[in-house]
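1. Sequence and predicted structure are below.
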Amino acid sequence: AQTVTQSQPEMSVQEAETVTLSCTYDTSENNYYLFWYKQPPSRQMILVIRQEAYKQQNATENRFSVNFQKAAKSFSLKISDSQLGDTAMYFCAFMSQGAQKLVFGQGTRLTINP
Amino acid sequence: EAQVTQNPRYLITVTGKKLTVTCSQNMNHEYMSWYRQDPGLGLRQIYYSMNVEVTDKGDVPEGYKVSRKEKRNFPLILESPSPNQTSLYFCASSFRVGGGGNIQYFGAGTRLSVL
């Protein structure tokens, strides 16, 4: 079974700084999908970014980008020019090809300080 | 507006009193799923449904039931709730894509406390 590990339970940075959240996963599959979800205090789960394992190019969405290292099974999220509204719990998630189920990591609580 | 609607948002109940958390989506999605979120464990799948009348167990199904009589609705039933089912529950839905990788849309969550 696939597992996803987020080794940083909490992180805190100053506004406008860049922060990187770590995620590693374990799978024997070659094709799969990886996601980062954001959960602000409202509890809503918001998709931040999605990566297809067969694409070598790292996904980006405005200030959010990933560093996808397939051989190392690592999928980190970089937030540039962090803003107060980025304060949230962040979850890394894995989905097998052909499956619909998301396997989540434990989450990283990120606080952006003014 | 495309959305997944869960009700109630908050619920406090007592051990053994049957309850239902409703979930409805208006996007004509085939796939629907229930997750529970617990501190330090992330979200774990309880049950899922690939389409009407097709449901299956996820990773933590004990103590839960589901049904899928209509495409838009996927209620979660706790027939005899226990304190270890105190958690934050999420319903999610998506199109069923053969290759996978589909983006799932989540409801706003239901905070359940079982006393």
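-> In hand now; what should we look at?
2. So which bits of chain B are right by chain A?
-> Residues of chain B lying close to chain A (Cβ under 8 Å from any Cβ of the partner chain) are B:31, B:33, B:35, B:40-45, B:48, B:50, B:58, B:88, B:90, B:92, B:94, B:96-104, B:106, B:108-109, B:111. For the C-beta atoms, the positions are set from N, CA and C on the backbone; glycine is no exception.
3. tell me the centre residue of chain B?
-> When Cα atoms, centre = their mean is applied to chain B, the residue found nearest the centroid is B:W34 (2.7 Å).
4. Next up, the contacts around that residue.
-> B:W34 makes contacts with B:23, B:45-48, B:58, B:64, B:66, B:74, B:76, B:89-92, as judged by Cβ atoms under 8 Å, 6 or more residues apart in numbering or on different chains.
5. one step back: turn the buried ones among the residues of chain B next to chain A into a named PyMOL selection, would you?
-> Buried members of these, defined by 16 or more other Cβ atoms under 10 Å in any protein chain shown, are picked up in PyMOL with:
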select buried, chain B and resi 31+33+35+42+43+44+45+48+58+88+90+92+94+100+101+102+104+106+108+109
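6. How about residues contacting the longest strand along chain B?
-> Using DSSP state E, we find that the single longest strand of chain B is strand B:42-51. Applying Cβ under 8 Å, 6+ apart, the external contacts of strand B:42-51 come out as A:4, A:6, A:91, A:93, A:100-102, A:104-107, B:30-38, B:55-61, B:64-66, B:68, B:71, B:74, B:76, B:89-90, B:96.
7. So how do I select the buried members of those in PyMOL?
-> Restricted to buried positions by 16+ other Cβ under 10 Å, the PyMOL selection for the contacts of strand B:42-51 reads:
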select buried, (chain A and resi 4+6+91+93+100+101+102+104+105+106+107) or (chain B and resi 30+31+32+33+34+35+36+37+55+58+60+61+64+66+68+74+76+89+90)
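8. what about stretch A:50-68, start to end distance?
-> Using Cα to Cα, to the nearest Å, the end-to-end distance of stretch A:50-68 comes to 11 Å.
9. tell me which parts of chain A are close to chain B?
-> Those residues of chain A that sit near chain B, judged by Cβ under 8 Å from any Cβ, are A:4, A:6, A:9, A:32-33, A:42-45, A:47, A:50, A:52, A:91, A:93, A:95-102, A:104-107.
10. swap the cut-off to 10 Å and go again
-> Contacts of chain A with chain B, taken as Cβ under 10 Å from any Cβ of the partner chain, map to A:1, A:4-6, A:9, A:31-35, A:37, A:39, A:42-47, A:50-53, A:89, A:91-93, A:95-107.
11. Quickly list what the most centrally placed residue in chain A is bridged to.
-> Centroid check for chain A by Cα atoms, centre = their mean gives A:W36 as the closest residue, at 3.4 Å. On the basis of DSSP bridges, A:W36 is bridged to A:I49, A:C92.
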